[in-house]
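Asks: sequence and predicted structure, then a few things I'm wondering about:
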Amino acid sequence: MAALHLSSYKKKARSEDAALVFEDEASFRQDSTLHATWSRRGHQPLIPVTGQRKSIKIFGSIELFPTTRFLYYRDEVFNAQTYLRFLQRIAGIYHGRKVHFIQDNAPYHKDGRVWEWFKANRSWLEVHNLPPYSPELNAQEPLWKHTRQNGTHNRCFKSQEEIYETLVKVFAGMQRNPSQIEGYLQPFL
């Protein structure tokens, strides 16, 4: 289903020699996210917890072609103002190139200020909204899964900065070596 839905975006982006960029956001909590793990028989693994409920908010985007490029931006909350800051960073990277930008239906994506910004940048940016409740169609979603599996699952973080340091390491690995995430992106290519 994903390939059928995305084919029109991909075809249009390729015909225009444009970048195809998916955007999404994720929160990474300080308390442990438990996930299946291995241990010696009779020795249940113990994951300490801090009782803290703080989280790190990350905006992320993945460019599928002509190259694979992962970008991220940390902010304190998800709202129209912080989304506009993220879009400004995107504009700084892609300015002068045609971009097909695919986003989900977060409420602040529909904010009037955000759409004014999109309108002001439509010479190079074409925005596409995914259908409601369809994370399986967003190429950024599997990268959050990769981040959790390789960075935050079954770990206790004493501070928000410790979480962020871990996230930066995982993100840097994806940026330096895009081949490690190609398998996650295959359904979208």
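Replies: Structure's in. What do you need? Being a predicted model, the structure only gives us computed values, none of them experimental. Numbering: from 1, shown residues only.
Asks: spatially central residue in this structure, please.
Replies: In the chain, the centroid-proximal residue (C-alpha atoms, centre = their mean) is Gly60; its distance is 3.4 Å.
Asks: now the helices for this protein?
Replies: For the chain, applying DSSP state H gives helices covering 2-15, 80-94, 112-120, 141-147, 160-176, 182-185.
Asks: now mean pLDDT too, for the ones you listed, in a markdown table please.
Replies: Formatted as a markdown table, the helices of the chain follow (pLDDT from 0 to 100):
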| stretch | mean pLDDT |
| --- | --- |
| helix 2-15 | 73 |
| helix 80-94 | 97 |
| helix 112-120 | 98 |
| helix 141-147 | 96 |
| helix 160-176 | 95 |
| helix 182-185 | 92 |
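Asks: deepest of those helices, which one?
Replies: Greatest average neighbour count among the helices of the chain goes to helix 141-147 (a mean of 19), per mean count of other C-beta atoms under 10 Å. Where C-beta positions appear, they are placed from N, C-alpha and C, glycine not excepted.
Asks: can you put the helices of the chain in CSV and add distance to Leu64?
Replies: Shown next, in CSV, are the helices of the chain (distance: least, C-beta to C-beta, whole Å):
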stretch, distance to Leu64
helix 2-15, 8
helix 80-94, 13
helix 112-120, 20
helix 141-147, 11
helix 160-176, 13
helix 182-185, 6
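Asks: out of those helices, flag the one nearest Ser55.
Replies: Closest of these to Ser55 is helix 160-176, at 7.7 Å (criterion: C-beta to C-beta).
Asks: ok, the residue in the chain sticking out farthest from the centre to His146 distance?
Replies: Residue farthest from the centre of the chain, counting by C-alpha atoms, centre = their mean, is Gly42 at 38.2 Å. For Gly42, the distance to His146 equals 32 Å [C-beta to C-beta, to the nearest Å].
Asks: now Val114: closest residue in space that isn't a chain neighbour?
Replies: Leaving aside its sequence neighbours, Val114 sits nearest to Ala80 (C-beta to C-beta, 6 or more residues apart in numbering; 5.4 Å).
Asks: against Phe188, how distant is that neighbour?
Replies: Taken as C-beta to C-beta, the span from Ala80 to Phe188 is 27 Å.
Asks: ok, Ser61 next?
Replies: Separation of Ser61 from Phe188 (C-beta to C-beta): 13 Å.
Asks: neighbour-wise, which of those two wins?
Replies: Per other C-beta atoms under 10 Å, whichever of Ser61 and Phe188 has more neighbours is Ser61, with 28 against 21.
Asks: got the confidence number for the more buried one?
Replies: Ser61 is assigned a predicted lDDT (pLDDT) of 98.
Asks: same deal with Glu76?
Replies: You'll see Glu76 listed with a pLDDT of 95.
Asks: thank you, goodbye.
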